[in-house]
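In: The sequence isn't on hand, but the structure is:
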Ligand SMILES: Nc1ncnc2c1ncn2[C@@H]1O[C@H](COP(=O)(O)OP(=O)(O)OP(=O)(O)O)[C@@H](O)[C@H]1O
């Protein structure tokens, strides 16, 4: 037994060092619950060991027969599942050493002089994953290096036995390894024919050696197929067919990508639909042609959401769960390389296939905006394809820039809706309230000499509207006062201005702080007890710290003196008719500005309409 090196003055000097004990049950629990995402990975680990064993045999003996793996699922009358490969096999010494030591792997053993990237395994825990579906693992193996065949049986409680088979039994066994599992009742389905076929195809369909599954009638099906995504000569339609399978609809395009530095290559499929906002990327990645994951989200730059890739890599390092890659320079390098190729494809397609590029831009507007924001070169191209909402309608960014030297925008959708209707068509403003639009405009101004950026404020825009002529001053002031009195309960005051278009009777406006105050007040209508305290605290805070108008905050109903209805309103003497008409104009302006109506507003709408109908048919006795 090894002892610690004697160190003078070390009280532990003479105490022998002891190896850690491993509680196998604890390790299996750790694997199944914390490392592997599901018991189904047992099949991946077996396929991987089979593939590695075939590679090792070929290295030992280039003339070895063609490698293959055979799976016989558990079935009625045949309770065991078996997995057989014709790989290198294990000598009795190797079996004792490798299979009995958790964390021991032949595949990273320098003494064996193996090339690391030729093998998928490295952690020395994969075989233990079989304990997730079976309480016993039996390994029968005969080594290509000669010697007796072995039978090794491991039990989930943490014991094993191993025996060398007599010569006649050794001779009867082919070179290679068979792993036999007896399904645990709770995981029996996992070893059944249907499940095994599906799992073997999912994990191993592109393995370089045939994987065969025995059908219930005794015949064998080969599940492996050629990896079209790795074949530079594959027919484009065949590649698109694979894309359709992976993406769920025919991709807009497919193009090859690679990062030779890490042996990573494959195909990028351009998604025919916009991915859900905030959704993760889901690239399918194979490691040595064995499926690693269908949802790798860190192999492309953030903006690479418009494609889904199918890739194979030889050199990226998997984590122990084998479901993602270890971060670091290699991953970073691969991400940069692949990103550069997506970018190159976009630039090339813009030049050579404007129709396809238009389709891509149509589907991925939002994402392309994100891309334009941090890539100046691409932005210059994308500007003529990206659109923004303006007060003169939706238009391409370049068309907007050609209209005006001042890029004027509102920071929120709310502000835009309040004033869009009164902005002159020859100097439109942009609604930059949607994701990336404000940043996009900043990028536009930065890259376009002579353009200036100006954030529009609702109140400033209103102040710019023309006041009515002095001659009308008396009627205007009277109209403002009377309308403000009518709107007192709605938290709005009336102001009279002149603006185009003349058929727009009024605008409902409020700066964002005021709107927030009004929204909070509406909340107290709905849930007075819970919210009232919070809202008044928030208002008090705002009033104190942000110089907001606080409790007496008012939105404005801006009446259009150019509008004939508004002018007639100034002459209405009947208070009942006047108040209902003002209320209706107010509610109509709210709706036109896309403001949500509160419960109180909705009641007001109903009573106002009813009253006006009554008034128009002369039934006004009880109206004040
Ligand atoms: N089918 C097989 N043929 C030959 N040797 C095998 C086979 N299966 C397992 N071994 C040996 O047993 C060792 C342990 O296997 P195990 O699957 O536990 O770990 P690994 O494949 O080395 O690493 P990982 O945990 O990354 O899968 C392997 O390194 C290999 O030497």
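Out: On my side now, so go ahead. These figures come from a predicted structure and were not determined experimentally.
In: ok, how many other residues are close to residue 180?
Out: By the criterion of other CB atoms under 10 Å, residue 180 has 19 neighbours. Backbone N, C-alpha and C define where each C-beta goes, glycine included.
In: Tell me if I am right that it is in a helix.
Out: No: assessed by DSSP: H, G, I helix; E, B strand; the rest coil, residue 180 does not belong to a helix; its assignment is strand.
In: what's near enough to touch it?
Out: Each residue near residue 180 by CB atoms under 8 Å, 6 or more residues apart in numbering is listed here: 80, 81, 82, 137, 138, 139, 140.
In: Provide a list of residues in contact with the fourth one.
Out: Residue 137 is in contact with 127, 130, 131, 153, 154, 179, 180, 181, counting by CB under 8 Å, 6+ apart.
In: same thing with the third one?
Out: Shown in contact with residue 82 (CB under 8 Å, 6+ apart): 70, 71, 72, 178, 179, 180, 181.
In: and it, how far is that from residue 223?
Out: Look at residue 82 and residue 223: by CB to CB, to the nearest Å, they are 16 Å apart.
In: got it, and the second one?
Out: Taking CB to CB as the measure, residue 81 falls 16 Å from residue 223.
In: likewise the first one?
Out: Spatial separation of residue 80 from residue 223 under the definition CB to CB is 20 Å.
In: which of the two has more neighbours?
Out: Shown here are residue 80 and residue 223; by other CB under 10 Å, residue 223 has more neighbours (22 against 16).
In: For residue 361, the count of nearby residues, please.
Out: 20.
In: my read is it is in a helix, agree?
Out: Yes: assessed by three-state DSSP, residue 361 belongs to a helix.
In: Find me the pLDDT at it, would you?
Out: Model confidence at residue 361, given as pLDDT, is 94.
In: Correct me if wrong: it contacts residue 384.
Out: No: taking contacts as CB atoms under 8 Å, residue 361 lies outside contact range of residue 384: 9.6 Å.
In: residues contacting the nearest residue to residue 40 once chain neighbours are set aside?
Out: Nearest residue to residue 40 in three dimensions, chain neighbours excluded: residue 199, at 5.5 Å (CB to CB, 6 or more residues apart in numbering). Contacts for residue 199 (CB under 8 Å, 6+ apart) come out as 40, 43, 44.
In: how close does the first one get to residue 370?
Out: Which is residue 40. Going from residue 40 to residue 370 by CB to CB gives 36 Å.
In: just the second one next, same as before
Out: Using CB to CB, we find residue 43 at a distance of 39 Å from residue 370.
In: List the residues that contact residue 558.
Out: If you count contacts by CB under 8 Å, 6+ apart, then residue 558 has 462, 465, 494, 495, 496, 497, 499, 506, 507, 508, 509 around it.
In: which parts of stretch 570-585 are buried?
Out: 570, 577, 578, 579, 580, 581, 582, 583, 584, 585 (16 or more other CB atoms under 10 Å).
In: Tell me where the stretch 451-600 of the chain has helices.
Out: 458-464, 473-486, 512-526, 528-545, 564-571, 575-592, 599-616 (DSSP state H, counting those that start in this stretch).
In: rank the ones you listed by pLDDT, which is bottom?
Out: helix 528-545 - the lowest mean pLDDT of these, at a mean of 48.
In: what about the strand or helix carrying residue 335, distance to the chain center?
Out: Assigned by DSSP states H and E, residue 335 belongs to helix 329-352. Relative to its chain's centre, helix 329-352 lies at 19 Å (CA atoms, centre = their mean, to the nearest Å).
In: What helices and strands are in contact with it?
Out: Applying 3 or more CB pairs under 8 Å, 6 or more residues apart in numbering; DSSP states H and E, we find helix 329-352 packed against strand 253-259, strand 264-270, strand 307-313, helix 354-363, helix 376-382.
In: most neighbours, which of the contacts of residue 82?
Out: Ranking the contacts of residue 82 using other CB under 10 Å puts residue 71 first, with 27 neighbours.
In: Who does the residue nearest to that one when sequence neighbours are not counted form a beta bridge with?
Out: Spatial nearest neighbour of residue 71, chain neighbours left out: residue 213 (4.9 Å); criterion: CB to CB, 6+ apart. On DSSP bridges, the residues paired with residue 213 through beta bridges are residue 71, residue 221.
In: tell me the contacts of residue 213?
Out: By CB under 8 Å, 6+ apart, the contact list for residue 213 reads 70, 71, 72, 73, 193, 196, 197, 200, 220, 221, 223.
In: ditto for residue 346
Out: With CB under 8 Å, 6+ apart, residue 346 has these contacts: 357, 360, 378, 381.
In: any idea which of the residues you listed is the one closest to residue 292?
Out: residue 360 (27.8 Å; CB to CB).
In: So that closest one sits against residue 268, correct?
Out: No: the criterion here is CB under 8 Å, and residue 360 misses it with residue 268 at 11.9 Å.
In: Tell me where the stretch 351-500 of the chain has strands.
Out: Remark: strands assigned in the stretch 351-500 of the chain by DSSP state E, counting those that start in this stretch are 387-390, 393-396, 406-410, 430-431, 452-455, 492-497.
In: Least confident of those, on average?
Out: strand 492-497 (a mean of 91).
In: what's the angle between it and helix 473-486?
Out: Orientation check (axes from the mean of the first three to the mean of the last three CA atoms, to 10 degrees): strand 492-497 against helix 473-486 gives 160 degrees.
In: name the helices or strands packed onto strand 492-497?
Out: Looks like strand 492-497 contacts helix 473-486, strand 555-560 (3+ CB pairs under 8 Å, 6+ apart).
In: If we use 10 Å, what do you get?
Out: Packing partners of strand 492-497 (3 or more CB pairs under 10 Å, 6 or more residues apart in numbering; DSSP states H and E): helix 458-464, helix 473-486, strand 506-509, strand 555-560, helix 564-571, helix 575-592.
In: What pairs with the shortest one, parallel or antiparallel?
Out: What that stands for is strand 506-509. Sheet pairing for strand 506-509, assigned by DSSP bridges, gives strand 555-560 (antiparallel).
In: Go through the strand it pairs with and flag the buried ones.
Out: So, applying 16+ other CB under 10 Å, buried residues of strand 555-560: 555, 556, 557, 558, 559, 560.
In: Serialize these to CSV and add fields for distance to residue 241 and pLDDT.
Out: Formatted as CSV, the buried residues of strand 555-560 follow (distance: CB to CB, whole Å; pLDDT from 0 to 100):
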residue, distance to residue 241, pLDDT
555, 58, 83
556, 60, 87
557, 61, 92
558, 60, 92
559, 63, 95
560, 60, 95
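In: Out of the residues you listed, which comes closest to the ligand?
Out: residue 555 (65.4 Å; CB to the nearest ligand atom).
In: I'd guessed that closest one sits against residue 490; true?
Out: Yes: here residue 555 reaches residue 490: they are 8.2 Å apart, a contact under CB atoms under 10 Å.
In: ok so residue 38 is a strand residue?
Out: No: using three-state DSSP, the assignment for residue 38 is coil, not a strand.
In: From the ligand, how far out is the residue nearest to residue 413 when sequence neighbours are not counted?
Out: In space, residue 413 comes closest to residue 433 once its chain neighbours are excluded; the distance is 3.5 Å by CB to CB, 6+ apart. Applying CB to the nearest ligand atom, to the nearest Å, the value for residue 433 to the ligand is 50 Å.
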